[in-house]
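*Asks:* what's the 3D shape of this:
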Amino acid sequence: MDLISIFGIIIGISAILLGQVLEGGHISSLLQITAFLIVIGGTVGAVMLQSTVSQFTAGLKLLGWVFSPPELDEKRVIRDVIHWSQIARKNGLLALEDNVGGVKDPFTKKGLQMLVDGAEPDILRAALDLEITAYENQKKQAAKIWEAAGGYAPTIGIIGAVLGLIHVMENLSDPSKLGSGIAVAFVATVYGVGSANLFFLPVANKLKTLIAAQVVAKDMMVEGLISICNGENPRIIESKLQGFIAR
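*Replies:* Down below sits the predicted model:
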C-alpha cells in the first residue's frame, strides 16, 4: 500500500475544506450533486470519446497502481542475474534450463529461455527491446486517460458555471431560486479545477513515474541477460547493474 498517495489525497481535500470553514463557510455548500454530475459525467464522457475501449479499461485498471504499486525489487533482479551468470559461467548456458520454470515474470522468462536457446546477443537485445517498447507505449496510452481528464475537467467546470448562471438569469424575477443557481455555478468551477489538480493530473504523473520505473527494471534485466550471453564476469555484471539503481 502506497501511504503517501492516500495521505496526499486526504491532506489536499482536508486543506480545502478547512479553508472553507475558516472563511466562515459551510462544507455543505460545496456538496452540489448537480455540479458533480456536470463535471465528472462530462469529463468521463469526453475521455471515453477520445479513447478506445482497451485504452479506457486499461487506464482504469492502472489506477490501482497509485495506491498499490507493482512490486519492484532491483536488488533481487541483480541477485537473480548474478546467480544465473555464475551457473552459466560454470556449467554453460544450457544449465540455465532448470531455472526457466521457476521464473514468474513473463518478460524475464522469455529472455532467459532465449538465452538458453542460444540466441545471439544482438537478436536477444532486439527482441526484448521491442517488447519493452510495446509495453511502455501500451501503459503510457492507458495512463493518458487521467492526463486527459485533468485537461477536460476545468473546462467542463466552466460549462457548469455558465449553465448555473443561465439558470440564475432565467429566474431573476424569483429571488428564491437565485441562490441555488449561483451555488451550482461556482461549485462546478471548484469541482472542475479541484478534481484536475488534486486527483486527475497527480494520478497521471504518478503513473508515468511508476511506468518509467518498470521500464528501467526491464532494461536492467536485458543488460544482465546480454552480459551473461557475452560471458562476462559476475562481479563485472553486478557492478554494471548497480548503475541502474538510484543512489
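
*Asks:* Isn't residue 86 up against residue 235?
*Replies:* No: the criterion here is CB atoms under 8 Å, and residue 86 misses it with residue 235 at 10.2 Å. Bear in mind the C-beta positions are built from the backbone N, C-alpha and C, glycine included.

*Asks:* So between these two, which is more surrounded?
*Replies:* For residue 86 versus residue 235, neighbours defined as other CB atoms under 10 Å are more numerous around residue 86 (13 against 10).

*Asks:* care to break the chain down by domain?
*Replies:* Following automatic domain parsing, one gets these domains for the chain: 1-31, 32-247.

*Asks:* Lowest average confidence across those domains, which one?
*Replies:* Sorting these by mean pLDDT places domain 1-31 lowest, at a mean of 81.

*Asks:* what sits against the most centrally placed residue in the chain?
*Replies:* Nearest to the mean C-alpha position of the chain, counting by CA atoms, centre = their mean, stands residue 207 at 1.9 Å. By CB atoms under 8 Å, 6 or more residues apart in numbering, the residues touching residue 207 are 62, 65-66, 139, 143, 146.

*Asks:* before we move on, back to that, and the domains of the chain, which is most packed in?
*Replies:* domain 32-247 (a mean of 17; mean count of other CB atoms under 10 Å).

*Asks:* so where do the helices sit in the chain?
*Replies:* 3-22, 33-36, 42-50, 53-67, 74-91, 97-100, 106-116, 121-170, 178-195, 201-229, 234-242 (DSSP state H).
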